[in-house]
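Participant: this one's structure only:
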(Lines give C-alpha, C1' and ligand atoms only; values in the text may rest on other atoms or scores of the structure.)
Protein backbone atom coordinates (compact mmCIF):
# COMPACT_ATOMS: atom_id res chain seq x y z
CA UNK A 1 0.00 0.00 0.00
CA UNK A 2 2.77 2.46 0.95
CA UNK A 3 4.72 1.52 -2.16
CA UNK A 4 1.75 2.25 -4.38
CA UNK A 5 1.24 5.63 -2.67
CA UNK A 6 4.90 6.57 -3.18
CA UNK A 7 4.70 5.57 -6.83
CA UNK A 8 1.60 7.72 -7.30
CA UNK A 9 3.32 10.68 -5.60
CA UNK A 10 6.38 10.43 -7.85
CA UNK A 11 4.23 10.38 -10.93
CA UNK A 12 2.29 13.44 -9.71
CA UNK A 13 5.51 15.38 -8.98
CA UNK A 14 6.90 14.57 -12.37
CA UNK A 15 3.64 15.45 -14.12
CA UNK A 16 3.08 18.82 -12.38
CA UNK A 17 6.66 20.09 -11.92
CA UNK A 18 8.67 18.27 -14.55
CA UNK A 19 11.27 17.46 -11.87
CA UNK A 20 12.31 14.22 -10.35
CA UNK A 21 11.17 13.58 -6.75
CA UNK A 22 14.73 14.06 -5.40
CA UNK A 23 15.11 17.42 -7.14
CA UNK A 24 11.64 18.52 -6.01
CA UNK A 25 12.26 17.79 -2.32
CA UNK A 26 15.70 19.43 -2.47
CA UNK A 27 14.23 22.63 -3.89
CA UNK A 28 11.43 22.51 -1.29
CA UNK A 29 13.90 22.16 1.60
CA UNK A 30 16.05 25.03 0.34
CA UNK A 31 12.99 27.24 -0.09
CA UNK A 32 11.83 26.60 3.47
CA UNK A 33 15.29 27.34 4.86
CA UNK A 34 15.48 30.63 2.98
CA UNK A 35 11.99 31.58 4.21
CA UNK A 36 12.85 31.03 7.88
CA UNK A 37 16.10 32.99 7.55
CA UNK A 38 14.40 35.97 5.91
CA UNK A 39 11.45 35.96 8.33
CA UNK A 40 13.88 35.93 11.24
CA UNK A 41 15.77 38.94 9.93
CA UNK A 42 12.83 41.02 8.77
CA UNK A 43 10.04 39.76 10.96
CA UNK A 44 7.30 42.08 12.20
CA UNK A 45 8.03 43.95 15.45
CA UNK A 46 4.89 42.46 16.95
CA UNK A 47 6.38 38.98 16.74
CA UNK A 48 9.35 40.09 18.84
CA UNK A 49 7.19 42.15 21.20
CA UNK A 50 4.89 39.26 22.03
CA UNK A 51 7.40 37.30 24.18
CA UNK A 52 8.26 40.50 26.06
CA UNK A 53 4.60 41.13 26.83
CA UNK A 54 4.25 37.56 27.98
CA UNK A 55 7.22 37.94 30.31
CA UNK A 56 5.72 41.11 31.75
CA UNK A 57 2.46 39.28 32.42
CA UNK A 58 4.35 36.47 34.13
CA UNK A 59 6.04 38.85 36.57
CA UNK A 60 4.78 38.50 40.14
CA UNK A 61 1.90 40.82 40.98
CA UNK A 62 2.17 43.21 43.93
CA UNK A 63 0.20 42.21 47.01
CA UNK A 64 -3.41 43.45 47.09
CA UNK A 65 -3.91 46.82 48.75
CA UNK A 66 -6.83 47.17 51.16
CA UNK A 67 -8.96 50.15 50.15
CA UNK A 68 -11.57 50.01 52.88
CA UNK A 69 -14.84 51.74 52.03
CA UNK A 70 -14.96 53.63 48.72
CA UNK A 71 -17.69 55.11 46.55
CA UNK A 72 -18.71 53.77 43.15
CA UNK A 73 -17.14 56.83 41.54
CA UNK A 74 -13.81 56.14 43.26
CA UNK A 75 -13.95 52.50 42.14
CA UNK A 76 -14.01 53.52 38.46
CA UNK A 77 -10.33 54.51 38.54
CA UNK A 78 -9.41 50.84 39.01
CA UNK A 79 -10.81 49.64 35.65
CA UNK A 80 -7.40 48.68 34.25
CA UNK A 81 -6.81 51.84 32.22
CA UNK A 82 -3.89 52.68 34.52
CA UNK A 83 -1.47 49.70 34.57
CA UNK A 84 0.09 51.00 37.80
CA UNK A 85 -3.16 50.55 39.70
CA UNK A 86 -4.76 47.24 40.67
CA UNK A 87 -7.66 45.87 38.66
CA UNK A 88 -10.76 45.80 40.85
CA UNK A 89 -14.33 44.62 40.49
CA UNK A 90 -17.27 44.39 42.90
CA UNK A 91 -20.06 41.89 43.50
CA UNK A 92 -22.91 42.67 45.90
CA UNK A 93 -21.00 45.61 47.32
CA UNK A 94 -17.81 43.61 48.01
CA UNK A 95 -14.68 44.71 46.10
CA UNK A 96 -12.17 42.11 44.86
CA UNK A 97 -8.72 42.42 43.33
CA UNK A 98 -8.84 40.61 39.95
CA UNK A 99 -5.40 41.73 38.74
CA UNK A 100 -4.29 38.13 38.24
CA UNK A 101 -7.06 37.70 35.64
CA UNK A 102 -6.21 40.82 33.66
CA UNK A 103 -6.54 38.83 30.43
CA UNK A 104 -10.27 38.48 31.18
CA UNK A 105 -11.16 41.69 33.04
CA UNK A 106 -8.44 44.03 31.76
CA UNK A 107 -8.65 46.28 28.68
CA UNK A 108 -9.44 44.22 25.60
CA UNK A 109 -10.57 41.20 27.63
CA UNK A 110 -13.96 39.52 27.19
CA UNK A 111 -15.22 40.88 30.53
CA UNK A 112 -13.45 44.25 30.60
CA UNK A 113 -16.80 46.06 30.77
CA UNK A 114 -17.23 44.77 34.36
CA UNK A 115 -13.92 46.18 35.68
CA UNK A 116 -14.09 49.14 38.04
CA UNK A 117 -17.79 48.61 38.72
CA UNK A 118 -20.25 46.65 40.81
CA UNK A 119 -21.49 44.29 38.10
CA UNK A 120 -23.86 42.24 40.25
CA UNK A 121 -26.91 42.68 38.05
CA UNK A 122 -24.99 42.16 34.81
CA UNK A 123 -23.39 38.95 36.09
CA UNK A 124 -26.70 37.60 37.33
CA UNK A 125 -28.30 38.19 33.93
CA UNK A 126 -25.10 37.51 31.92
CA UNK A 127 -25.74 40.86 30.29
CA UNK A 128 -23.30 43.28 28.70
CA UNK A 129 -25.76 46.16 28.62
CA UNK A 130 -24.62 49.36 30.33
CA UNK A 131 -27.96 49.65 32.12
CA UNK A 132 -27.20 46.40 33.97
CA UNK A 133 -23.78 47.53 35.23
CA UNK A 134 -25.08 48.22 38.71
CA UNK A 135 -25.18 46.66 42.14
CA UNK A 136 -28.99 46.89 42.23
CA UNK A 137 -30.32 43.32 42.19
CA UNK A 138 -33.95 44.13 42.90
CA UNK A 139 -36.44 42.33 40.68
CA UNK A 140 -34.14 39.43 39.75
CA UNK A 141 -35.61 35.97 39.44
CA UNK A 142 -34.51 32.89 41.42
CA UNK A 143 -32.35 31.52 38.60
CA UNK A 144 -30.59 34.85 38.19
CA UNK A 145 -29.96 35.08 41.93
CA UNK A 146 -28.51 31.56 41.88
CA UNK A 147 -26.20 32.53 39.04
CA UNK A 148 -25.08 35.60 40.99
CA UNK A 149 -24.44 33.43 44.04
CA UNK A 150 -22.20 31.16 41.96
CA UNK A 151 -20.21 34.18 40.77
CA UNK A 152 -19.84 35.41 44.35
CA UNK A 153 -18.57 32.02 45.56
CA UNK A 154 -16.06 31.97 42.71
CA UNK A 155 -14.73 35.43 43.57
CA UNK A 156 -14.59 34.67 47.29
CA UNK A 157 -12.53 31.53 46.69
CA UNK A 158 -10.21 32.92 44.00
CA UNK A 159 -9.65 36.62 44.65
CA UNK A 160 -8.77 38.78 47.66
CA UNK A 161 -11.42 41.09 49.05
CA UNK A 162 -9.95 44.59 49.35
CA UNK A 163 -12.91 46.75 50.34
CA UNK A 164 -16.60 47.55 50.19
CA UNK A 165 -18.71 50.08 48.31
CA UNK A 166 -19.98 52.98 50.38
CA UNK A 167 -23.73 53.28 50.01
CA UNK A 168 -25.18 56.80 49.89
CA UNK A 169 -27.18 57.65 53.01
CA UNK A 170 -30.53 59.39 52.44
CA UNK A 171 -30.77 62.92 53.79
CA UNK A 172 -33.71 62.02 56.03
CA UNK A 173 -31.64 59.42 57.85
CA UNK A 174 -28.73 61.77 58.39
CA UNK A 175 -30.74 64.45 60.21
CA UNK A 176 -33.11 62.29 62.24
CA UNK A 177 -33.37 58.94 63.88
CA UNK A 178 -35.71 56.21 62.56
CA UNK A 179 -39.32 56.92 63.42
CA UNK A 180 -38.78 60.68 63.61
CA UNK A 181 -39.27 63.23 60.87
CA UNK A 182 -36.28 64.99 59.37
CA UNK A 183 -37.30 68.36 60.75
CA UNK A 184 -39.33 68.06 63.91
CA UNK A 185 -41.43 71.15 64.63
CA UNK A 186 -40.33 73.14 67.61
CA UNK A 187 -42.59 72.65 70.59
CA UNK A 188 -44.23 75.81 71.86
CA UNK A 189 -43.94 76.49 75.55
CA UNK A 190 -47.50 76.78 76.91
CA UNK A 191 -48.33 80.11 78.48
CA UNK A 192 -49.91 80.04 81.92
CA UNK A 193 -53.58 80.84 82.05
CA UNK A 194 -54.76 84.06 83.59
CA UNK A 195 -56.08 82.27 86.67
CA UNK A 196 -52.73 80.51 87.08
CA UNK A 197 -50.61 83.66 87.05
CA UNK A 198 -48.95 84.48 90.39
CA UNK A 199 -50.95 86.87 92.55
CA UNK A 200 -49.09 89.93 93.73
CA UNK A 201 -49.20 90.15 97.51
CA UNK A 202 -49.23 93.71 98.88
CA UNK A 203 -46.39 94.56 101.23
CA UNK A 204 -46.96 93.99 104.91
CA UNK A 205 -46.99 97.26 106.86
CA UNK A 206 -44.24 97.82 109.36
CA UNK A 207 -45.85 97.66 112.79
CA UNK A 208 -42.80 98.96 114.61
CA UNK A 209 -42.97 102.42 113.09
CA UNK A 210 -46.75 102.61 112.92
CA UNK A 211 -48.33 105.11 115.39
CA UNK A 212 -49.90 103.56 118.43
CA UNK A 213 -53.67 103.79 118.67
CA UNK A 214 -55.28 103.80 122.05
CA UNK A 215 -58.56 102.02 122.36
CA UNK A 216 -60.97 103.46 124.86
CA UNK A 217 -62.53 101.00 127.17
CA UNK A 218 -66.19 101.09 127.78
CA UNK A 219 -67.18 101.65 131.33
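Facilitator: That came through, no problem. Remember, it's a predicted structure, so these values are computed and weren't measured experimentally.
Participant: next secondary structure after the least confident helix or strand in the chain by mean pLDDT?
Facilitator: Counting by mean pLDDT, DSSP states H and E, the weakest-scoring helix or strand in the chain turns out to be helix 45-58, with a mean of 49. Counting by DSSP states H and E, the element after helix 45-58 in chain order, helix or strand, is strand 68-70.
Participant: can you list contacts of that following strand?
Facilitator: 95, 163-166 (CB atoms under 8 Å, 6 or more residues apart in numbering). C-betas here are computed from N, CA, C, even on glycine.
Participant: try 6 Å
Facilitator: 163-164, 166 (CB atoms under 6 Å, 6 or more residues apart in numbering).
Participant: given the longest strand that the chain contains, what are its sheet partners and their directions?
Facilitator: Scanning the chain for the longest strand, with DSSP state E as the assignment, gives strand 160-165. Its sheet considered, strand 160-165 pairs with strand 68-70 (parallel), strand 94-97 (antiparallel) by DSSP bridges.
Participant: walk me through the domains of this protein.
Facilitator: The chain resolves into domains spanning 2-58, 68-165 when parsed by automatic domain parsing.
Participant: return the most buried member of those.
Facilitator: domain 68-165 (a mean of 16; mean count of other CB atoms under 10 Å).
Participant: endpoints of that domain, how far apart?
Facilitator: Its first and final residues considered, domain 68-165 spans 8 Å by CA to CA, to the nearest Å.
Participant: quick check: mean pLDDT of it?
Facilitator: Averaged over domain 68-165, pLDDT sits at 94.
Participant: want to try JSON lines for the strands paired with strand 160-165, with distance to residue 110 as columns?
Facilitator: Listed next are the strands paired with strand 160-165 as JSON lines, based on distance: least, CB to CB, whole Å:
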{"stretch": "strand 68-70", "distance to residue 110": "26"}
{"stretch": "strand 94-97", "distance to residue 110": "18"}
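Participant: what's the closest of those strands to residue 152?
Facilitator: strand 94-97 (7.8 Å; CB to CB).
Participant: need the next SSE after the closest one, C-terminal direction.
Facilitator: helix 102-105.
Participant: quick one: residues in contact with that next one.
Facilitator: Against helix 102-105 from outside (CB under 6 Å, 6+ apart): 87, 98, 109, 111, 115.
Participant: tell me who's in contact with the fourth one.
Facilitator: Spelled out, that is residue 111. Under the criterion of CB under 6 Å, 6+ apart, the neighbours of residue 111 are 104-105.
Participant: any figure for the gap between it and residue 132?
Facilitator: Look at residue 111 and residue 132: by CB to CB, to the nearest Å, they are 13 Å apart.
Participant: and for the second one?
Facilitator: The spacing between residue 98 and residue 132, counted by CB to CB, is 19 Å.
Participant: check the third one too.
Facilitator: To residue 132, residue 109 is 18 Å away according to CB to CB.
Participant: residue 65 now?
Facilitator: 28 Å.
Participant: just checking, what's the longest helix in this structure?
Facilitator: For the chain, the helix that runs over the most residues, judged by DSSP state H, is helix 21-41.
Participant: beta partners for residue 95?
Facilitator: Beta-bridge partners recorded for residue 95 (DSSP bridges): residue 90, residue 163.
Participant: quick one: it and residue 166 touch, right?
Facilitator: No. Using CB atoms under 6 Å, residue 95 makes no contact with residue 166, being 10.6 Å away.
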